[in-house]
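Visitor: Sequence and predicted structure are below.
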Amino acid sequence: MPVPAHGSWLADIAAARHGLDRSSTAGRIADLLREQITEGRLAPGERVREEELAEALKVSRNTVREAFRLLAKERLLVHEFNRGVFVGRVTADGLADLYRVRRILECEGVRCAPEAPPGAFDRVEAAVLDGERAAAAGSWPDVGTADIRFHKAIAALVGSDRVDEMIRHLLAEMRLVFHEMGSPREFHEPYLARNRRIHDLMARGDFAEAERELRSYLDDAEAQLTAAYREKAAKKPRRRRD
């Protein structure tokens, strides 16, 4: 999968610099970088240069370093000694843990759907429609972005700021996992119809069946991704022992 164009994500972040004075600067920079990762514009292993960010945002390098520290705690960035800061990679063990937590949060979202906050269910439908439109246009990376928004909207049915924050961090890591798949279309296309089915089941009030479908969906996705990880690991040349 091609690495996203470097200049595009940096330009997006630079365009947002005027809003930095309205919130904690380091936290807002972390939010901007996390958003670029979630949107698929920063790929695993890509270097994030401290000096470029500081210049683009007109902030100190110390402030950028603090943003980096925040994202390192979320496992989205890693610092490599004498090399710099890079977008992280999710390990096979990390993948299993991501799905473990996602089942807790997203299935609870479906159970809470009957009492969801106003407008929350509309965001589920909007994400489904975004994915279908992107697929029709042949824009499969955008299908991936819509899929992330769909699962974020499912968890948001709980109506909890803490859950929203947790799922936002988890799905940023999931977007890094998507990069491990060779073909965005091959991975995402089968799940479009399943997103629609989960939405439609909830829309007609069949929340128990919607939860069963979601659990099956997450099980299948985890199994598919785990198989891809194992295949990649098998293809890596083994280090010779002297």
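Guide: Done, it's in.
Visitor: May I have the helix or strand of the chain with the lowest mean pLDDT exported as PDB, CA atoms only?
Guide: Every helix and strand of the chain was ranked by mean pLDDT, DSSP states H and E. The lowest is helix 6-15, at a mean of 69. Extracted in PDB, the C-alpha atoms of helix 6-15 (Å, rounded to 0.1, in the frame of the first residue of the first chain):
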ATOM      1  CA  HIS A   6       4.100  13.600   3.400                       C
ATOM      2  CA  GLY A   7       3.200  17.200   2.500                       C
ATOM      3  CA  SER A   8      -0.600  16.700   2.700                       C
ATOM      4  CA  TRP A   9      -0.900  15.800   6.400                       C
ATOM      5  CA  LEU A  10       1.600  18.500   7.400                       C
ATOM      6  CA  ALA A  11      -0.300  21.100   5.400                       C
ATOM      7  CA  ASP A  12      -3.600  20.100   7.100                       C
ATOM      8  CA  ILE A  13      -2.000  20.500  10.500                       C
ATOM      9  CA  ALA A  14      -0.500  23.800   9.600                       C
ATOM     10  CA  ALA A  15      -3.900  25.100   8.500                       C
END
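Visitor: ok, and what's touching that helix?
Guide: The contact list for helix 6-15, computed with Cβ atoms under 8 Å, 6 or more residues apart in numbering, reads 29, 32-33, 36, 41-42, 46, 52-53, 56-57. For glycine as for every other residue, the C-beta is placed from the backbone atoms N, C-alpha and C.
Visitor: And the next helix or strand past that helix?
Guide: helix 25-38 (DSSP states H and E).
Visitor: And the strands in the protein?
Guide: Under the criterion DSSP state E, strands of the chain are mapped to 77-80, 84-87.
Visitor: Buried residues of the helix ranked longest in the chain, list them for me.
Guide: Ordering each helix of the chain by length in residues (DSSP state H) puts helix 207-235 first. The neighbour-count check on helix 207-235 (16 or more other Cβ atoms under 10 Å) flags 207, 210-211, 213-214, 217-218, 221-222, 225, 228-229 as buried.
Visitor: Dump those to JSON lines, plus pLDDT.
Guide: As requested, those are exported to JSON lines (pLDDT from 0 to 100):
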{"residue": "F207", "pLDDT": "97"}
{"residue": "A210", "pLDDT": "98"}
{"residue": "E211", "pLDDT": "98"}
{"residue": "E213", "pLDDT": "98"}
{"residue": "L214", "pLDDT": "98"}
{"residue": "Y217", "pLDDT": "96"}
{"residue": "L218", "pLDDT": "97"}
{"residue": "A221", "pLDDT": "94"}
{"residue": "E222", "pLDDT": "95"}
{"residue": "L225", "pLDDT": "92"}
{"residue": "A228", "pLDDT": "87"}
{"residue": "Y229", "pLDDT": "87"}
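Visitor: Dump those into a markdown table; add distance to R162 as well.
Guide: Output for the buried residues of helix 207-235, formatted as a markdown table (distance: Cβ to Cβ, whole Å):
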| residue | distance to R162 |
| --- | --- |
| F207 | 22 |
| A210 | 23 |
| E211 | 21 |
| E213 | 26 |
| L214 | 20 |
| Y217 | 24 |
| L218 | 21 |
| A221 | 24 |
| E222 | 24 |
| L225 | 26 |
| A228 | 31 |
| Y229 | 30 |
